[in-house]
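In: no sequence on this one, just coordinates:
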């Protein structure tokens with residue numbers, strides 16, 4: 001009795017498809033957000049520090065700096081801008097050198113994954129955390145300091161494009177400045193002083209027009225000053241525009257400077273970003 005062997009039939013399951021570009025970016029973004037949330041230091045500093053500063057400064061300073069504008073109200077607009085800068089410029093400028101020093105970027109570079117996916121994940125993380133932090137600051141400010149939210153669609157639109165341009169410029173500059181750090185430990189030493197100086201001269205902690213004129217001129221070269229000014233146009237009365245150095249909120253110039261810094265930041269990223277440390281060659 002003979003046995004006839006039948007040819008093996010292929011598996012009926014459909015072959016797995018490679019994830020598309022959008023799916024890759026979303027996966028990378030989800031991983032970046034998870035890593036951020038697992039770092040207690042990053043969460044406390046990025047999310048908690050602006051809230052703590054608002055509570056401290058609002059308790060120390062009181063009174064009006066202009067008719068209908070209290071100091072806490074003025075200060076809150078600056079802290080929103082500073083919070084967006086912290087989650088983008090400062091966060092990326094510190095963490096990318098750590099990943100570079102640990103060899104994470106080198107391994108990314110050696111995988112088939114497109115290089116842009118790594119940056120897309122960073123952008124998604126910055127946007128998600130930035131939105132969450134802004135919402136937290138607004139909630140605290142409304143609940144404790146009677147901050148009035150924008151009452152018109154035009155002001156919400158201004159809030160949107162100022163925040164979008166500002167966080168884009170700060171994200172690109174954060175990626176660019178990460179290449180200055182030689183080691184993982186030096187990232188914070190390189191980035192933190194720059195961020196603090198910009199906050200002090202850009203009208204975050206003090207009324208901008210009360211700063212020395214030379215300090216105002218230096219601050220006008222960088223995006224944080226213009227982010228603060230654009231946000232003041234959203235949360236402060238229109239009449240306060242006359243208190244600004246230019247006699248108005250100058251939203252056209254705000255958009256121009258922030259857009260210019262987006263271009264400058266992109267060029268710096270393309271020209272300076274490194275996947276490996278200097279000792280790796």
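Out: Good, I have the coordinates. Every value quoted in this text rests on a predicted model; they were computed, and no experiment measured them.
In: contact partners of stretch 270-278?
Out: By Cβ atoms under 8 Å, 6 or more residues apart in numbering, the residues outside stretch 270-278 that reach it are 100-101, 105-106, 108-109, 175-176, 178-179, 182-183. Heads up, the C-betas are built off the backbone N, CA and C, glycines and all.
In: name the residues of it that are buried.
Out: Across stretch 270-278, burial judged by 16 or more other Cβ atoms under 10 Å covers 273, 275, 277.
In: can you map out the strands along this protein?
Out: For the chain, the strands defined by DSSP state E cover 64-66, 69-70.
In: rounded mean pLDDT for the last one, please.
Out: Right, strand 69-70. Strand 69-70 shows a mean pLDDT of 82.
In: what is the burial count for residue 252?
Out: Around residue 252 there are 9 other residues, counting by other Cβ atoms under 10 Å.
In: gap between it and residue 193?
Out: 32 Å (Cβ to Cβ, to the nearest Å).
In: over to residue 140?
Out: From residue 140 to residue 193 the distance is 27 Å (Cβ to Cβ).
In: wouldn't residue 122 be in contact with residue 171 here?
Out: Yes: Residue 122 lies in contact with residue 171 (Cβ atoms under 8 Å); the separation is 7.3 Å.
In: shared neighbours, the two?
Out: Common neighbours of residue 122 and residue 171 (Cβ under 8 Å, 6+ apart) are residue 92.
In: more neighbours, the two?
Out: For residue 122 versus residue 171, neighbours defined as other Cβ under 10 Å are more numerous around residue 171 (27 against 21).
In: so who does the closest residue to that one other than its chain neighbours touch?
Out: Excluding its sequence neighbours, the residue lying closest to residue 171 (Cβ to Cβ, 6 or more residues apart in numbering) is residue 88, at 4.3 Å. Neighbouring residues of residue 88 by Cβ under 8 Å, 6+ apart: 126, 130, 167, 170-171, 174.
In: 6 Å instead, please
Out: Contacts for residue 88 (Cβ atoms under 6 Å, 6 or more residues apart in numbering) come out as 126, 167, 170-171, 174.
In: what's the answer for residue 147, then?
Out: 76, 141.
In: if we use 10 Å, what do you get?
Out: Contact analysis of residue 147 by Cβ atoms under 10 Å, 6 or more residues apart in numbering lists 54, 70, 72-73, 76-77, 137-141, 235.
In: could I get the full set of helices for the stretch 51-200 of the chain?
Out: Applying DSSP state H, counting those that start in this stretch to the stretch 51-200 of the chain gives helices spanning 71-85, 91-101, 104-109, 115-145, 153-177, 186-201.
In: export the ones you listed as JSON lines, with columns for distance to residue 247.
Out: Shown next, in JSON lines, are those (distance: least, Cβ to Cβ, whole Å):
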{"stretch": "helix 71-85", "distance to residue 247": "18"}
{"stretch": "helix 91-101", "distance to residue 247": "35"}
{"stretch": "helix 104-109", "distance to residue 247": "47"}
{"stretch": "helix 115-145", "distance to residue 247": "27"}
{"stretch": "helix 153-177", "distance to residue 247": "18"}
{"stretch": "helix 186-201", "distance to residue 247": "21"}
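In: just name the most buried of those helices.
Out: Neighbour counts (mean count of other Cβ atoms under 10 Å) averaged over each of those peak at helix 71-85, with a mean of 25.
In: in the stretch 151-281 of the chain, where is pLDDT below threshold?
Out: Residue ranges of the stretch 151-281 of the chain with pLDDT under 70: 279-281.
In: do you know how far residue 70 is from residue 97?
Out: Counting by Cβ to Cβ, the gap from residue 70 to residue 97 is 40 Å.
In: likewise residue 43?
Out: For residue 43, the distance to residue 97 - Cβ to Cβ - is 19 Å.
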